[in-house]
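**Student:** Sequence and predicted structure are below.
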Amino acid sequence: MNFTEELRYNIGITLIKGIGNSLAKNLIAYLGSASAVFHEKQQNLAKIPGIGDVLSREIVAADVLKRADEEIEFLIRNKINFNFYTDREYPFRLKECEDAPVMLYSRGSSNLNDGKMIAVVGTRNATDNGKEYCRKFIEDISKILPNAIIISGLAYGIDICAHKAALDFGLSTFAVLGHGLDRVYPSIHRSTAIKILENGALITEYLSKTNPDRQNFVGRNRIIAGMSDVVVVIESALSGGALITAELASDYNRDVFAFPGRITDEWSAGCNALIKT
């Protein structure tokens with residue numbers, strides 16, 4: 001881990017109100033670095049496409065570097081890995097996605113690029129059949145692709161089943177979180193999260209002290225989709241996070257697979273709809 005002066009600006013740009021990932025990358029492309037964004041004059045910032053007068057004033061007035069310094073202390077204290085989107089170690093699959101996060105933080109494995117990345121997602125209300133399908137699928141994968149990495153979101157249902165099955169069958173597994181690395185949500189999955197650190201990683205775009213708010217999990221889904229070679233939906237209703245992840249994966253030109261179910265099963269309706277469409 002290389003804690004350079006530029007790191008505080010790389011983190012800082014993610015904290016400027018109104019500047020999302022795409023605009024941040026656009027600013028950096030025009031000016032050459034995150035630090036240059038903070039040192040540029042307001043009138044010059046305003047001329048950059050997508051910025052204008054309002055956002056340029058926001059950038060100049062932004063008082064975010066103290067918070068960035070606090071986060072660097074947290075990273076050092078907890079031995080957390082970090083990758084800027086231009087770093088060679090940044091997940092190359094995710095880098096292909098326009099809305100990929102500027103900064104990515106992880107605990108556990110520092111290598112986020114090796115192996116075949118298989119996302120396994122599904123409903124939080126997994127049935128016994130769904131859990132059985134999930135375990136059998138991952139068991140089969142472990143025999144065919146022993147270098148596969150199972151990616152999911154550490155949520156209830158199919159997610160936690162996928163992580164546990166990967167650990168049981170000797171596969172590495174990545175859990176993408178909707179909050180900072182100072183906590184585990186849901187807390188009941190803490191013991192699994194600790195085991196993941198031994199053969200995988202906990203990954204997030206969020207700083208410490210970030211609560212697991214609902215909207216964060218929608219953002220988390222794009223990272224799951226973007227890091228993967230393929231997304232497999234085990235069970236899903238006609239709406240929900242698993243279908244959002246599948247749709248994002250399709251937009252990113254990833255392969256999407258779904259386990260079919262009986263037409264009368266609520267938690268197979270989403271999978272059947274994916275297959276139909």
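**Tutor:** Thanks, I have it.

**Student:** now the strands: where do they sit in the protein?
**Tutor:** Secondary structure of the chain, counting by DSSP state E: strands at 81-84, 103-108, 117-121, 149-152, 172-176, 200-204, 230-233, 255-258.

**Student:** Now do the helices in this structure.
**Tutor:** Under the criterion DSSP state H, the chain contains helices at 5-12, 21-31, 34-39, 42-46, 52-61, 65-77, 92-95, 128-144, 158-168, 190-198, 214-227, 241-251, 269-276.

**Student:** To residue 177, which of those helices lies closest?
**Tutor:** The closest of these to residue 177 is helix 214-227. By C-beta to C-beta, the value is 6.6 Å. Yep, even glycine has a C-beta here, placed from its N, CA and C like the rest.

**Student:** Any stretches of the protein with poor pLDDT?
**Tutor:** For the chain, the stretches flagged by pLDDT under 70 are 1-3.

**Student:** if I look at the residue nearest to the spatial centre of it, how far off is residue 33?
**Tutor:** Central residue of the chain (C-alpha atoms, centre = their mean): residue 223, 3.2 Å from the mean position. Distance of residue 223 to residue 33, given as C-beta to C-beta, to the nearest Å: 24 Å.

**Student:** before we move on, what about residue 205?
**Tutor:** According to C-beta to C-beta, residue 205 and residue 33 sit 20 Å apart.

**Student:** neighbour count winner among those two?
**Tutor:** Of the pair residue 205 and residue 33, residue 205 is the one with more neighbours under other C-beta atoms under 10 Å, namely 23 against 15.

**Student:** how much space between the closest residue to that one other than its chain neighbours and residue 48?
**Tutor:** The shortest distance from residue 205 to any non-neighbouring residue, by C-beta to C-beta, 6 or more residues apart in numbering, is to residue 101 (3.6 Å). Going from residue 101 to residue 48 by C-beta to C-beta gives 21 Å.

**Student:** Tell me which of those two has more neighbours.
**Tutor:** Neighbour count, other C-beta under 10 Å: between residue 101 and residue 48, residue 101 has more, with 24 against 19.

**Student:** Need phi/psi at that one.
**Tutor:** Reported as degrees, to the nearest 10, the phi and psi values for residue 101 are phi -70, psi 150.

**Student:** picking that back up, spell out which residues sit in contact with the residue nearest to residue 205, please.
**Tutor:** Residue 101 is in contact with 14, 21, 85, 94, 205, 223, counting by C-beta atoms under 8 Å, 6 or more residues apart in numbering.

**Student:** mind running it again at 10 Å?
**Tutor:** Residue 101 makes contacts with 14, 20-21, 24, 83-85, 90, 94, 203-206, 219, 222-223, 226, as judged by C-beta atoms under 10 Å, 6 or more residues apart in numbering.

**Student:** Now the buried members of the residues you listed.
**Tutor:** Neighbour counting by 16 or more other C-beta atoms under 10 Å classes 14, 21, 24, 83-85, 90, 94, 203-206, 219, 222-223, 226 among these as buried.

**Student:** want to throw the strands of the chain into TSV with distance to residue 136?
**Tutor:** What follows is the strands of the chain, written out as TSV (distance: least, C-beta to C-beta, whole Å):
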stretch	distance to residue 136
strand 81-84	33
strand 103-108	26
strand 117-121	12
strand 149-152	14
strand 172-176	17
strand 200-204	21
strand 230-233	12
strand 255-258	14
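
**Student:** Tell me which of those strands lies nearest to residue 276.
**Tutor:** Residue 276 sits nearest to strand 255-258 of all the strands of the chain, at 9.8 Å, using C-beta to C-beta.

**Student:** So which bits of the closest one are buried?
**Tutor:** Across strand 255-258, burial judged by 16+ other C-beta under 10 Å covers 256-258.
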